[in-house]
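In: Fold the following and give me the result.
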Amino acid sequence: MPDNTDMPTRQQRLLTVFVLMAAFVGLYATTFVNYLLFHTLAEIFSIVVAFSIFVIAWNSRTYISNAYLLFVGIAYLFIGFLDLLHTLAYKGMPIFTNYDYYANQLWIGARYMESITLLTAFFFLGKPRLPSVERIFSLYLVITGLIVASIFSWKIFPVCFIEGIGLTPFKKISEYLICGILVAALYCLHRKRDQFDDKVSGLLLASILCTILSELAFTFYISNYGFSNMVGHYCKIFSFLFLYRALILTGIMRPYELIFRELTQTNQALEEEIAQRERIQQQNEGLIVSLQKALDDIQTLEDILPVCVYCKKIRDDSNSAPGKGPWMRMEEFLYRKSGTAVSHGCCPECYQRYKDA
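Out: You can find the predicted model right below:
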């Protein structure tokens, strides 16, 4: 008979896959209508996920013990904000029209922040708390302000893309450098994967790999509306989707496995310690019984023992009425009472007396 206990789970998974495939196909269909619509929808998805990560991490900052999650959650508020500006400044959007380079500069600024965050967060992994949540928030606020000012106000941020020419050397070098930072984050994830749930570790791995593929796709496009640009955005969608599964869905559906992971480990350690103490207590109780038996035996030996004046046998009255116990040899009596085995020998006086007999 087939096991149908997990059929609802399988059906839910198939339904989820079907919905995602339909959404991706529908998103691709928007490119035939207006590529700007495709770009806006793709970016909005990642922005919503980024803001959601921040909301969950920030509202649980007072009791959350996963410093990695909290650090990443704070950073993704500002990453999402830069992506929002990137979306609003994209070519064709009638908002920031006085300068042609905003969108690509904001993209590089956000990706630098994202990659460095994913790598730096491993420094806090395993620590009970972040040094200061407010200071980290303020630091990211200052960094984001400097990036925005360098692009919109001072206009000192290097140009990344020129229409009709393509990517500038700075943009290409930056994309490869960002990929290198993400590879270092993959290495840290591999080294510290035991501090994550296996499923969460796999999802983070997939997210970082998709981010690397996205950055590589953005190293050789020559048009903001080109095929390579679309592939890069699809990879980014997958990256944020995996991150969503790892840090949002897992945190909602299985909060005790993510937010309270260290608490669970502490409870397991306490249970092991309690079991160890119980084993020690049982050993001590057994030792106490043995010592009590030894004391009883010693007390029995310390009492006046009835000994036959002729054969030297001892009467054991411990289990009988006084004077009615069985007579036994001294060796047998000692062995029964204390487990002491008696060996025979000859003292020097007897030896001298009987050696010539």
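In: hey, let's count contacts and neighbours off CA atoms from now on
Out: Will do.
In: Now do the domain split for this structure, please.
Out: 10-269, 301-357 (automatic domain parsing).
In: In which helix or strand does Ser138 reside?
Out: Ser138 belongs to helix 133-148 when assigned by DSSP states H and E.
In: pLDDT on that helix, on average?
Out: For helix 133-148, mean pLDDT is 94.
In: Residues in contact with it: which ones?
Out: 61, 71, 74-75, 78, 82, 106, 109, 157 (C-alpha atoms under 8 Å, 6 or more residues apart in numbering).
In: list the buried ones in stretch 74-93?
Out: Buried residues in stretch 74-93, counting neighbours by 16 or more other C-alpha atoms under 10 Å, are found at 74-91.
In: hmm, I was thinking of stretch 31-40
Out: Residues 35-36, 38-40 are the ones in stretch 31-40 that count as buried (16+ other C-alpha under 10 Å).
In: Need the residues that contact that stretch.
Out: If you take C-alpha under 8 Å, 6+ apart as the criterion, stretch 31-40 is touched by 27-28, 30, 87, 92-93, 225, 230, 233.
In: try stretch 175-184
Out: 108, 111-112, 115-116, 118-119, 208, 211-212, 215-216, 218-219.
In: ok now the strand or helix carrying Ser52, how far from the chain's centre?
Out: Under the criterion of DSSP H and E, Ser52 resides in helix 35-59. Relative to its chain's centre, helix 35-59 lies at 25 Å (C-alpha atoms, centre = their mean, to the nearest Å).
In: That helix versus helix 133-148: what angle between them?
Out: Counting by axes from the mean of the first three to the mean of the last three C-alpha atoms, to 10 degrees, helix 35-59 points 160 degrees away from the direction of helix 133-148.
In: Would you mind identifying the next helix or strand past helix 35-59?
Out: Assigned by DSSP H and E, the successor of helix 35-59 is helix 67-88.
In: List the first helix or strand encountered after that following helix toward the C-terminus.
Out: Heading C-terminal from helix 67-88 (DSSP H and E), you reach helix 102-124.
In: which of the residues in that following helix are buried?
Out: For helix 102-124, a neighbour-count test (16+ other C-alpha under 10 Å) marks 102-122, 124 as buried.
In: just stretch 147-162 next, same as before
Out: With burial defined by 16+ other C-alpha under 10 Å, the residues of stretch 147-162 counted as buried are 147-148, 151-152, 157, 159-161.
In: Dump that stretch to PDB, restricted to CA.
Out: Provided in PDB are the C-alpha atoms of stretch 147-162 (Å, rounded to 0.1, in the frame of the first residue of the first chain):
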ATOM      1  CA  ILE A 147      26.200  56.700  -1.900                       C
ATOM      2  CA  VAL A 148      23.100  58.600  -2.800                       C
ATOM      3  CA  ALA A 149      24.800  62.000  -2.400                       C
ATOM      4  CA  SER A 150      27.700  60.900  -4.500                       C
ATOM      5  CA  ILE A 151      25.300  59.900  -7.300                       C
ATOM      6  CA  PHE A 152      22.500  62.500  -7.200                       C
ATOM      7  CA  SER A 153      24.200  65.600  -5.600                       C
ATOM      8  CA  TRP A 154      28.000  65.500  -6.000                       C
ATOM      9  CA  LYS A 155      27.900  63.300  -9.200                       C
ATOM     10  CA  ILE A 156      31.300  61.900  -8.300                       C
ATOM     11  CA  PHE A 157      30.300  58.200  -8.500                       C
ATOM     12  CA  PRO A 158      32.000  56.600 -11.600                       C
ATOM     13  CA  VAL A 159      29.900  56.200 -14.700                       C
ATOM     14  CA  CYS A 160      28.900  52.600 -15.200                       C
ATOM     15  CA  PHE A 161      27.100  52.500 -18.500                       C
ATOM     16  CA  ILE A 162      27.000  54.600 -21.700                       C
END
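In: about what we covered before: quick one: mark the members of the buried residues of stretch 147-162 that sit in helices.
Out: 147-148 (DSSP state H).
In: okay if I get the buried residues of stretch 147-162 as JSON lines plus distance to His190?
Out: Shown next, in JSON lines, are the buried residues of stretch 147-162 (distance: C-alpha to C-alpha, whole Å):
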{"residue": "Ile147", "distance to His190": "31"}
{"residue": "Val148", "distance to His190": "34"}
{"residue": "Ile151", "distance to His190": "36"}
{"residue": "Phe152", "distance to His190": "39"}
{"residue": "Phe157", "distance to His190": "34"}
{"residue": "Val159", "distance to His190": "35"}
{"residue": "Cys160", "distance to His190": "33"}
{"residue": "Phe161", "distance to His190": "35"}
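In: Pick the one among the buried residues of stretch 147-162 closest to Val200.
Out: Val200 lies nearest to Ile147 out of those, by C-alpha to C-alpha, at 31.5 Å.
In: and the longest helix seen in the chain, what other elements does it pack with?
Out: Across the chain, the longest stretch assigned as helix under DSSP H is helix 261-302. Here helix 261-302 touches helix 330-338, going by 3 or more C-alpha pairs under 8 Å, 6 or more residues apart in numbering; DSSP states H and E.
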